[in-house]
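K.L.:
What follows is a predicted protein model with its sequence.
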Amino acid sequence: LAPLALVAMASVPAILAGGIDVSVGPLVGLLGIIYVVYLQPNGLGGPVPSILITLGIGALIGFLSGFLIAVVRYQAVIATLCMSFILSGVGEAILPTARQSPGGWLDDLGGSVGPIPGGLITIAVPLLAWFALGRWTAFVGTLLAVGAGDTAALTAGINVTRVRLVAYTGGGLLAGVAALALIGLTRDADPTLGAQYTLVALAGASIGGIVINGGRGGLLGAVLGAACIFLMQNLLSNLGISAFWLQVTYGAVLVVTIVISGAVPAD
C-alpha cells in the first residue's frame, strides 16, 4: 500500500492548487534509478545522504515543473506531460533494463522497523507534516484558496505564484519519499515501473475526495483512495482477472469519481 499511497499523496498539492501533475510516476521511477545506479555504488546509500539527495532532487524537479506553470504560464497538463517524457527518457537512458538493489537500510521499509511496519512509517511522516502545516501555518489554507479561485486569492493578497511553486516542489518531495518506499518494497530499479503509477495516483486522489479542479481535499483522502485502489487490485487478482484490466478499471473509476466530485457542491 505504501508506494501507492505516497504517489497518490505526491499528486495532491498540485491538484489542490488548481493544477495537475502527470509526471509524478516517472519522477518516482527516475529517483529510484538514481538511488540504485549512483547513490548506493558511491557510498551514498546510507539513510541520511540518500534521503537528503533523493528528496532534494525530487523537490528540484517539482520546482522546475512549478516554474513552467506558475512563472512561464504553461498549462499544467502540458508542462507536466513534457516533464513526464523527459524524466522517462532520462531514466531509460541511465538504466535501460531493471537492476536489483544490493540491499541496505531500505529493506526495513519493505519490512518493519522494530515492531512498526516500514510502510506505516513512510505514510505517517508526510501525513504528520501535512497536519502540522495545516495547524500551525497558513499554507494549506492558502493552497486551497488558490485552487478554489486564483483571482479571488490574488485579490485577498495571496501570492499565487509562490503558492503554486511550493505546491509542485512539495509534490516532488513526496515523490522522493515514494521512490524510497518503492525501492524498499521491490528491491530493484525499473525504468518502466514509475510511469505505471501516474494513473493510479490520480485515481487514488480522486477516490479520496480531492476535487480535480482544486480547492478541496487533503493527503489523508489520498491515502484512503489509494487503499481502495490497493483493495481493488487484490480483488481482481483473487478473482483471476487479467492484470490488463486494471488500467481499464483505473480509468473507469477516475471518470466516475470526477463526475461525482463535480456534481457535489463546494463547501
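P.N.:
Received the coordinates, thanks.
K.L.:
And stretch 61-70, how far out from the chain middle?
P.N.:
Centroid separation for stretch 61-70 versus its chain: 15 Å, with Cα atoms, centre = their mean, to the nearest Å.
K.L.:
Other residues contacting that stretch?
P.N.:
By Cβ atoms under 8 Å, 6 or more residues apart in numbering, the surrounding residues in contact with stretch 61-70 are 19, 21, 23, 27, 74-76, 79-80, 82-83, 87, 160-162, 164-173, 175. Heads up, the C-betas are built off the backbone N, CA and C, glycines and all.
K.L.:
same thing but at 6 Å, please
P.N.:
Outside of stretch 61-70, the residues within contact range by Cβ atoms under 6 Å, 6 or more residues apart in numbering are 19, 27, 74, 76, 79-80, 83, 161, 164-165, 168-169, 171-172.
K.L.:
Quick check: which ranges of the stretch 151-267 of the chain have low pLDDT?
P.N.:
By pLDDT under 70, the weakly predicted segments of the stretch 151-267 of the chain are 243, 258, 261-267.
K.L.:
all strands for it, in order.
P.N.:
Ranges of strands within the stretch 151-267 of the chain are 188-189, based on DSSP state E, counting those that start in this stretch.
K.L.:
Tell me where it has helices.
P.N.:
Counting by DSSP state H, counting those that start in this stretch, the stretch 151-267 of the chain has helices at residues 160-186, 197-207, 219-238, 244-263.
K.L.:
nearest residue to Gly18 other than its sequence neighbours?
P.N.:
Leaving out its chain neighbours, the residue that sits closest to Gly18 by Cβ to Cβ, 6 or more residues apart in numbering is Gly214, at 3.5 Å.
K.L.:
What about the one you found, how many residues nearby?
P.N.:
By the criterion of other Cβ atoms under 10 Å, Gly214 has 23 neighbours.
K.L.:
before we move on, the earlier item: which of the helices of the stretch 151-267 of the chain sits closest to Ala132?
P.N.:
Closest of the helices of the stretch 151-267 of the chain to Ala132 is helix 219-238, at 11.6 Å (criterion: Cβ to Cβ).
K.L.:
Go through that closest one and flag the buried ones.
P.N.:
Counting neighbours by 16 or more other Cβ atoms under 10 Å, one finds that the buried residues in helix 219-238 are 219, 221-223, 225-230, 232-233.
K.L.:
Could you do stretch 87-94 as well?
P.N.:
Counting neighbours by 16+ other Cβ under 10 Å, the buried set in stretch 87-94 is 87-88, 90-92, 94.
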